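Model the following, please.
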Amino acid sequence: PEFKLSCQWLYNVCFLLCFCPCSIFAVTVSSRVTAGNQETLCALIHGPTEPISLNITLNTEFGKSVILEEDVKEDFYRCLSFQVPTVPRRTVASIHVTIQGENASLGKKTKVLFEPPAFIHVVQTDKPIYKPGQTVQFRIVSLDANFIPVSRVVSYIYLFFSDPNSNRIAQWLDKAIVSGILDLSHPMIPEAVQGTYTITALTDKGEQISHSFDIKEYVLPKFEVNVKLPSVITILDEEATLRICGKYTYGKPVIGSVKAEFCRRAVRYWYVVRSTDNDICKTYHLTVSIPDVKKYQLLNRILFVYLYFDINAMLLHVTFLCLSVFHASVNKGQLSVPLSQMTNLAPFAQVVVYTVMPSGEAVADSLDFPIQLCLNNKVSLKFSSLQELPAEKTTLSLQAHPGSMCSVRAIDQSVLLLQAEQELNVGILIAAAGLGPSRSSDEQLAGNTKATIRTHFPETWIWELFSVGDSGAVDVEKTVPDTITKWAAGAFCVSSVGFGVSPNTGLTVFQPFFVSLTLPYSVIRGEVFTLKATVFNYLSKCIMVKVTLDDSDQYTFRNCDGCHYTICLCAEESRTFSWIVTPTALGKLNLKVSAEALKTDTLCGNEVATVPDVGRVDTVIRTLLVEVSNCQTISQTLQIKISLLMPEMFVAGSARASVSVLGDLMGRAMKNLDKLLEMPYGCGEQNMLLFAPNIFILNYLKSTGQLTQKILDKATHFLESGYQRELTYKHDDGSYSAFGKSDASGNTWLTSFVMKSFGGARPYIYVQPQHIKDARRWLSKHQRPDGCIRSVGKLFHNGMKGGVSDDVSLTAYITAALLELDADATDPVVQNCLSCLKAAVAGQLDNLYTTALLSYTFTLAGDQDMRSKLITTLHQKSNTQGGTRHWERAGASKKVLDSLEVEITSYVLLALLSGPAMPDFGLDYSSGIVRWLTQQQNPYGGFASTQDTVVALQALAKYGAATYSPEGSTTVTVTSLGGLNKEFTVDQSNRLLYQEEKLSEVPGEYTIKAQGQSCVLAQVPPSLHDPYMTSTTCEGATLSRCVCVCGCCRYQGRREETNMVIISIKLLSGYILDKSSLSLGFHGVVCGCLDGNKVFVFLQLKKAETQIYSVTLEEDQPVRNLKPAVVKVYDYYQTSKSLQSF
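Purely as a prediction, here's the structure:
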């Protein structure tokens, strides 16, 4: 007999049908299979007329495997599993069927598509929106198609964090996964660019997963408003019901006024006015061919064809209805087929039924059945009660499959009101319907009668990983935050059986009544302000409320006129209470207000006052900063014998002093990395002060073996923050400037500073290499034919302008930056720069700053002749006194520290330590320089300004590494005439420990004695508040007592223009800044910012030029007996040049 074989495709099932007048053969297999999985193949032989041999093989480009070999003599039907080979990419294989009989044989093959395993990736952040300065926490889970965690993918995961400008601001490589969940976080800087950020992960399979979130300034909403309208309003309706409902996040209704507008939605039309012929109707004839790629009949279905044209063509939408219907009659018989393990086929299963007619024609049909997905890992999460009092304990119960690792999150419902997010549920995993909303309850409050002190108001309450262990359950006790709101909680878990997600649950934090305080940011001692406390009652009955402000030796207060502090407060009512407060102490002032529901027989109207069973007392403590009037802090470094003398006039109670001892040169700066200076960080160069010193300290600690994980974490946090912040000052051409794109162009000096700092940070944080390449390329474009680098952009640091040429100091700085970056003196750009600098040295070089900088540059370049010549010249100009050595600048003030002198001295020290030792200029010579530099440090480890701090810390770190010894100890004893005898011991175990003792006798006489064999730094920085300051009035300056602060600055110095000038304006007590007044674009004002209770205005002045500035203040809280506020003007790089007024 003759065998015939046909193949037909129906959805994802391939049929190999073989038939003859008396025999039927059929093989079915899925046309698309997943590589690495077990798949099923079924073979049918009906009515064989002779013994035959059946052989089925799977052929791929990687080899051949046998699926079935069988000798068949009678009817045969079998379904069997076979292993699909693993393939790295989509691969087309073939199934070969061979039937061999004595009288006839046939062979047929069909194609099968191998798909690489598909993975599901879940990225979850702790909340959908963040404020600048907050920490973004996120987790990643990778699952296979069966929702089983795949750890091997994560071992190759590559994560990066991008800002709205597509700058990569953080990166994680080859992060290890813990129990199926990758848990990471990244702190955002307070100045982070607002917009949409993206977390992107790349796996070893080339898959890319992205998750976005927003960063913006916001205030959390306290309630939500829902509007309900009829879905349809007809022209016959005379009225329509509009329902508006406002509810606080804790479920109570909002009392207030409503304004609603009812408008018809506008329909937009677009039209183009254009001249045409009279007949504007056109007929287009198109021939469209549609290949039947699916190879099965369309059963009364509509097919949509979309045609795409170029921008100048007309778009034509065509809809085809296929009228060709495949239909065949069947007998009226009925067949029941049991289906099992259907959950494995979720979210839908396709049942295919086929038959072979006696004529050999195949008839088939299919039907899809939706199947609800039931994850193998059943997860439940619930709180011990649905409502709690603030600060009470609650139990969080978590259940999942034994051995599961679970991620639990609970966030303030207000965050979700501000920005909704797609909750993690089964629907996200399978694109099916999501879970319903969580339910609330009106159960009674739990808690006790004790007073709660409310100070904790997070937006994310719970973001933790929990293991349920072998029992499959864990109970965790948590303290409820103080926010009165609803907390939305959820959890997902992973284990060996798969992924699971809990239904959403919630905990409402509420109490019968609560108190809220309103007070100014800060006040000055002697001022009087009004403290307001508002009490809310959400009980169903009236209560008698008593509100009290605690007594304190830090302030005095009196009741306001006509005020009562024990009153009836009925259901849904609120009342505000006030006190007149006068602070008497400086510093942080604690204000404690309590509201208590009293048990009394007094009637509230006609109703008996009740007392709630729980939560009868609510106490709130808020901190208020009390400052001294018109004060200036004076810091000084003293050693050996110390006389702490006070001036004749100073603010009583403000004099303070302490002695601190450290066993390491870098210890003080290490402790105060975030506050090296008491200055603003409002521009791109100042931001680098938070960045660069971390590199020097980490390099120092690493080279001396003192680097600990705690210090590394703290320093890398500042590096990451500074890196993010600095990218906001980058121009599109790769350069950087003090105020970013608001400047006309980038600045050559700052660009080189950023370039070398980014390069130095690479061993500790991720720095996108392109940023360094962009900066280097931009700098090279500004090299002149003589090799010097042309100055581009605003150069606020006048010390960079040398005496020979304005470009010499700048070129020396950039050359040093390039050499620090990769130490390649043969680079063509560096070689040309060095030629420029050698020509300058050959001429008359009379600028001390430029000479010191050149000595360091030629040291890095390895030019020992030039180095020796310059250092010898500098030695002749050095100044020695009391065992110290430094370099003085002509014309510098002798009364206060000169920033440029610190820079000059530091560059000389760097030149001495960055190359081979020189005769007569060894470590003994350098020790005198170090002794002078450490005496100039402020109490925080910094110096007077940005650049002197950066250069000096770099030099001190080099000296510390060169002289480090792991041995020796020293005892420091501090004594006084008043009987003080304090002893400090410094050894290798505590050399980085900051030891401090307050000195009670101020004024007083002290002696510091050090005995031992190690390096020790002791510092005594006294401080006081001086009530008298010089006040100078600029002509034309005015000060409005109400809302406007106006003034003028005039530069009368010798230079043609100033360095960067800072105007610091302290806010009046009870007033806030109108931020819009900072962006009015006054001539000469380059930037303005608010930091705490001070306004900083940045500007640059030309010689004899007068600049007018103004800021607007708005009264926020009334304060009486207002004290004057300080306005200070100073040179950012030479702080000795300053003037104050009030």
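
quick one: secondary structure of Lys869?
Secondary structure, DSSP: H, G, I helix; E, B strand; the rest coil: Lys869 is helix.

Wait, it touches Val841, no?
Yes - at 7.5 Å, Lys869 and Val841 qualify as touching, with contact defined as Cβ atoms under 8 Å. Placement of C-beta: from N, CA and C, glycine included.

The two: who's more crowded?
Counted by other Cβ atoms under 10 Å, Lys869 and Val841 do not tie: Val841 has more neighbours, with 20 against 15.

List the contacts of the more buried one.
Taking Cβ atoms under 8 Å, 6 or more residues apart in numbering, we find Val841 in contact with 854, 866, 869-870.

Run through who's touching stretch 60-72.
Against stretch 60-72 from outside (Cβ under 8 Å, 6+ apart): 41, 43, 45, 48, 51-58, 76, 78, 80, 82, 85, 87, 91, 93-95, 114.

Could you pull up the mean pLDDT of that stretch?
Averaged across stretch 60-72, pLDDT comes to 87.

Repeat that for stretch 40-48.
Rounded mean pLDDT across stretch 40-48 is 85.

Now, of the contacts of stretch 60-72, which are buried?
41, 43, 45, 48, 52, 54, 56-58, 76, 82, 85, 87, 91, 93, 95, 114 (16 or more other Cβ atoms under 10 Å).

Give the burial count for Pro763, as a bare number.
The burial count for Pro763: 11, using other Cβ under 10 Å.

just to confirm, which helix or strand has it in it?
Using DSSP states H and E, Pro763 falls within no helix or strand.

The spatially closest residue to Leu698 that is not a sequence neighbour and Pro88, how far apart?
What sits nearest to Leu698 in space, not counting adjacent residues and going by Cβ to Cβ, 6 or more residues apart in numbering, is Ala715, at 5.3 Å. Distance of Ala715 to Pro88, computed by Cβ to Cβ, to the nearest Å: 42 Å.

which one of these two has more residues nearby?
Ala715 (22 against 9).

list the contacts for that one?
The contact partners of Ala715, by Cβ under 8 Å, 6+ apart, come to 673, 694, 697-698, 764.

my guess is it is in a helix, correct?
Yes - assessed with three-state DSSP, Ala715 lies in a helix.

Next one: it relative to Gln995, how far apart?
For Ala715 relative to Gln995 (Cβ to Cβ), the value is 21 Å.

Let me see the backbone angles for Arg776.
As for Arg776, its main-chain torsions (degrees, to the nearest 10) stand at phi -60, psi -40.

Can you give me every residue that contacts it?
755, 818, 821.

what does Met544 give?
By Cβ under 8 Å, 6+ apart, the neighbours of Met544 are 566-569, 597-598, 600, 602, 604, 609.

What residues sit buried inside stretch 977-996?
Those would be 980, 982, 984, 986, 990-992, 995, for stretch 977-996 by 16+ other Cβ under 10 Å.

for the record, mean pLDDT for that stretch?
84.

now swap in stretch 793-803 and tell me
Mean predicted confidence for stretch 793-803 is 54.

For this structure, name the helix or strand with the lowest mean pLDDT.
When the helices and strands of the chain are scored by mean pLDDT, DSSP states H and E, strand 318-321 comes last with a mean of 34.

just to revisit the earlier point, can you lay out the buried residues of stretch 977-996 as a markdown table showing secondary structure?
Output for the buried residues of stretch 977-996, formatted as a markdown table (three-state DSSP):
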| residue | secondary structure |
| --- | --- |
| Leu980 | coil |
| Lys982 | strand |
| Phe984 | strand |
| Val986 | strand |
| Asn990 | coil |
| Arg991 | coil |
| Leu992 | coil |
| Gln995 | strand |
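
Out of the contacts of Ala715, which is nearest to Ser926?
Relative to Ser926, the closest of those is Ile697; by Cβ to Cβ it sits at 19.1 Å.

In terms of helices and strands, where is the closest one?
Short version, using DSSP H and E: Ile697 is in helix 692-704.

in that helix, what's buried?
692-701, 704.

Also stretch 925-934?
925-926, 928-930, 932-934.

Check the spacing between Cys836 and Leu853 real quick.
13 Å.

So for those two, which sits in the more crowded spot?
Neighbour totals were compared for Cys836 and Leu853, and Leu853 leads with 31 against 21 (other Cβ under 10 Å).

For that one, which three-state class applies?
helix.

ok, now how distant is the spatially closest residue to it that is not a sequence neighbour from Leu837?
In space, and not counting its chain neighbours, Leu853 is closest to Ala812: 4.6 Å by Cβ to Cβ, 6+ apart. Ala812 sits 6 Å away from Leu837, taking Cβ to Cβ as the criterion.

of these two, who's got more company?
Between Ala812 and Leu837, counted using other Cβ under 10 Å, the more crowded position is Ala812 (31 against 25).

isn't the more buried one right up against Thr859?
No - using Cβ under 8 Å, Ala812 and Thr859 do not qualify as a contacting pair, with a distance of 11.4 Å.

Look at stretch 818-834 and report the distance between its end residues.
11 Å (Cα to Cα, to the nearest Å).

Which positions within that stretch qualify as buried?
Here stretch 818-834 shows 818-821, 825, 827, 829-830, 832-834 as buried, counting by 16+ other Cβ under 10 Å.

List the contacts of the most centrally placed residue in the chain.
Geometric centre of the chain, nearest residue: Met188, 2.9 Å, by Cα atoms, centre = their mean. With contact set as Cβ under 8 Å, 6+ apart, Met188 has these partners: 130, 132-136, 215, 721, 724.

What is the nearest of the residues you listed to Asn559?
Using Cβ to Cβ, the contacts of Met188 come closest to Asn559 at Gly133, 39.3 Å.
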